[in-house]
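# any chance you can model this:
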Amino acid sequence: IEGFNAFNPDILRKRLLNNVKDQLDWVDLHRKSYSIDVSRDLVTGDLISGGIHQELLVTNAYPEPVQAIKAGELLAEVIAMKSPWFEKVIVDFLTVDNHSRLTKKNQASEGGINTWNYVVGFYAKERLRDLKNVEFNVHEVLQQLVDVGGRRYLLMHGHQIQGWAGLPWYGLQRRVGKEAIKRMRRRLSGFDKIVAGHFHTPLA
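Okay, here's the model as predicted:
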């Protein structure tokens, strides 16, 4: 923007791989005190910009099918880069998001498969099939409860959370309360934390 910054697929790949290197450096440091044998990757969507806005259709680097394949390739590269460092790498991939959807509005029925993110997940999984220490779980649902080291994380993309002024503070608390009450009434497993994406700003 006005010469101050730039973003493109090459910059994305460089930043992402640098982030993985930082993660591995952090693991190497903490292995001096702890046993860290398993890597857990929680993927909550929006790996492509999609075509949900007219501006995106004009400015995207690639059309949506190409975005999905390139995102799957990059995700697989990241997981493969991490795999030699751990006895096991477990990926939990949620297919439901908003940027990769194929319908004008978010789809309730079959929303987890009528999306380019479905392609991203299964393409990445296929590329990683020869890595025997990688477990790649694709969840074709709006939300998924996963256990990580005895803590229960409720995965969701986050587009179902009502925001305000760009920051969904009240929406997050309301979603946590609604999920807790709903699960308690149905005698479902509770959760310790919600893991979400969607919002393009740090919330913690």
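
# make it CA atoms for all contacts and neighbour counts henceforth
Will do.

# how near is Val176 to Trp26?
30 Å (CA to CA, to the nearest Å).

# the more surrounded of the two?
The residue with more neighbours, out of Val176 and Trp26, is Val176; 18 against 11, by other CA atoms under 10 Å.

# find the nearest non-adjacent residue to the more buried one, please.
Ile194 (7.5 Å; CA to CA, 6 or more residues apart in numbering).

# shouldn't the one you found be within a strand?
Yes. Membership of Ile194 in a strand is supported by DSSP: H, G, I helix; E, B strand; the rest coil.

# which residues are in contact with it?
153-156, 176 (CA atoms under 8 Å, 6 or more residues apart in numbering).

# kindly export the longest helix seen in the chain (C-alpha atoms) in CSV.
Counting residues, the longest helix found in the chain (DSSP state H) is helix 9-30. The C-alpha trace of helix 9-30 is given here as CSV (Å, rounded to 0.1, in the frame of the first residue of the first chain):
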residue,chain,number,x,y,z
PRO,A,9,2.4,-15.9,-2.6
ASP,A,10,6.2,-15.8,-2.4
ILE,A,11,6.1,-13.5,0.7
LEU,A,12,3.5,-15.8,2.3
ARG,A,13,5.6,-18.9,1.8
LYS,A,14,8.7,-17.2,3.2
ARG,A,15,6.9,-15.9,6.3
LEU,A,16,5.2,-19.2,6.9
LEU,A,17,8.4,-21.2,6.7
ASN,A,18,10.2,-18.7,8.9
ASN,A,19,7.4,-19.2,11.4
VAL,A,20,7.9,-23.0,11.4
LYS,A,21,11.6,-22.5,11.9
ASP,A,22,10.8,-20.3,15.0
GLN,A,23,8.5,-23.0,16.3
LEU,A,24,11.2,-25.7,15.9
ASP,A,25,13.7,-23.4,17.6
TRP,A,26,11.3,-22.9,20.5
VAL,A,27,10.8,-26.7,20.8
ASP,A,28,14.6,-27.3,20.7
LEU,A,29,15.0,-24.8,23.5
HIS,A,30,12.3,-26.3,25.7
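
# residues contacting it, please?
Contacts of helix 9-30 (CA under 8 Å, 6+ apart): 36, 61, 74, 78, 81-82, 85.

# just the ones of the residues you listed in helices?
74, 78, 81-82.

# possible to save these as CSV with pLDDT and neighbour count?
Converted to CSV, the ones in helices among the contacts of helix 9-30 look like this (pLDDT from 0 to 100; neighbours: other CA atoms under 10 Å):
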residue, pLDDT, neighbour count
Leu74, 97, 19
Val78, 97, 17
Met81, 96, 14
Lys82, 97, 18
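
# could those residues go into CSV alongside distance to Tyr123?
Putting these into CSV (distance: CA to CA, whole Å) gives the following:
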residue, distance to Tyr123
Leu74, 10
Val78, 14
Met81, 17
Lys82, 18
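
# now the longest helix of the chain: mean pLDDT?
For helix 9-30, mean pLDDT rounds to 95.

# and for stretch 125-134?
98.

# where in this structure is the helix or strand with the lowest mean pLDDT?
One helix or strand of the chain scores below all others by mean pLDDT, DSSP states H and E: helix 169-185, with a mean of 79.

# what about the residue nearest to Asp46 when sequence neighbours are not counted, which helix or strand?
In space, and not counting its chain neighbours, Asp46 is closest to His99: 5.6 Å by CA to CA, 6+ apart. Using DSSP states H and E, His99 sits within no helix or strand.
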